[in-house]
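Q: quick one, what's the 3D model for this:
(one chain, ligands or ions: 1)
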Amino acid sequence: MSMEDYDFLFKIVLIGNAGVGKTCLVRRFTQRCFFQPKPAPVEQFRGSKLVNGLSIALKIWDTAGQERFRSITQSYYRSANALILTYDITCEESFRCLPEWLREIEQYASNKVITVLVGNKIDLADKREVSQQRAAEFSEAQDMYYLETSAKESDNVEKLFLDLACRLISEARQNTLVNNVSSPLPGEGKSISYLTCCNFN
Ligand SMILES: Nc1nc2c(ncn2[C@@H]2O[C@H](COP(=O)(O)OP(=O)(O)OP(=O)(O)O)[C@@H](O)[C@H]2O)c(=O)[nH]1
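A: Predicted structure coming up:
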């Protein structure tokens, strides 16, 4: 299945503080590996997937969390169908910054965007600073889907992207998604191709 031959095209952007593991989450999902990434303001990954019998093209933008890149990364919010807002469960500061990220989303993203809250690095359980309950309460108050992951151990990473794809399909069918098919975003990416099926609960 090529990128040109799809039933739906979805654009997903990862945001969150520097060092929370955004790049590692994307690499784990797209390349099934975990390694020390090199810093870049924005990196694009493209690929296609079969989800519940539908061919889904995904464009995933991994943005840098550092303050100095913010003006570049903000331009990627506008046409995103979904935002993966990531924090590090071992870093209280990355959780405390979430309201700041939500303000950015409100300012720069479409009001139809789907936002998922992700607490990454659950393999470091003994260093946990943000409890699951606190994060669940926060996500519920903000009406966000919430999941904890480990890019290192591959826990819930596939589930994160596939659940999101299923949710995007459902919203697209109801015509409530950001219509971004023709929106011009910069950046050539790495092409990937993979095939999996999923069910969204
Ligand atoms: N133990 C553990 N370490 C992780 C995990 N995910 C990422 N890391 C480590 O956290 C550090 C930062 O990971 P990145 O993926 O570069 O984080 P980022 O959010 O993309 O950072 P910026 O690009 O600076 O915004 C790296 O040293 C990773 O190896 C994880 O699930 N578990």
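
Q: need the residues of this structure near the ligand, please.
A: 18-24, 36-37, 39, 64-66, 120-121, 123-124, 150-152 (C-beta under 6 Å from any ligand atom). Using the backbone N, CA and C atoms, a C-beta is placed for each residue, glycine as well.

Q: and the strands in the protein?
A: All strands of the chain, identified by DSSP state E, fall at 8-16, 42-51, 54-63, 82-88, 114-120, 145-148, 190-193.

Q: the residue nearest the centre of the chain bridge partners, please.
A: Against the mean C-alpha coordinate of the chain, by C-alpha atoms, centre = their mean, the closest residue is residue 84 at 3.1 Å. Residues in a beta bridge with residue 84, per DSSP bridges, are residue 14, residue 116.

Q: okay, now the unreliable bits of this structure?
A: Along the chain, the parts satisfying pLDDT under 70 run over 1-4, 36-39, 176-201.

Q: and with 90 instead?
A: For the chain, the stretches flagged by pLDDT under 90 are 1-7, 27, 30-55, 63-79, 111-112, 171-201.

Q: for the chain, what spans make up the helices?
A: Counting by DSSP state H, the chain has helices at residues 22-31, 70-74, 92-96, 98-108, 132-141, 157-173.

Q: by contact count, what packs against the third one?
A: It refers to helix 92-96. Counting contacts by 3 or more C-beta pairs under 8 Å, 6 or more residues apart in numbering; DSSP states H and E, helix 92-96 packs against strand 82-88, helix 132-141.

Q: mind doing that once more with 7 Å?
A: If you count contacts as 3 or more C-beta pairs under 7 Å, 6 or more residues apart in numbering; DSSP states H and E, helix 92-96 packs onto strand 82-88.

Q: could you do the last one as well?
A: Under the contact criterion of 3+ C-beta pairs under 7 Å, 6+ apart, the helices and strands touching helix 157-173 comprise strand 8-16, helix 22-31, strand 42-51, strand 54-63, strand 114-120.

Q: check which residues of the third one are buried.
A: This points to strand 42-51. For strand 42-51, burial by neighbour count (16 or more other C-beta atoms under 10 Å) applies to 42-49, 51.

Q: what's the answer for the second one, then?
A: Of the residues in helix 22-31, those buried by neighbour count under the rule 16+ other C-beta under 10 Å are 22-30.

Q: same deal with the fourth one?
A: By neighbour count on 16+ other C-beta under 10 Å, the buried set for strand 54-63 is 55-63.
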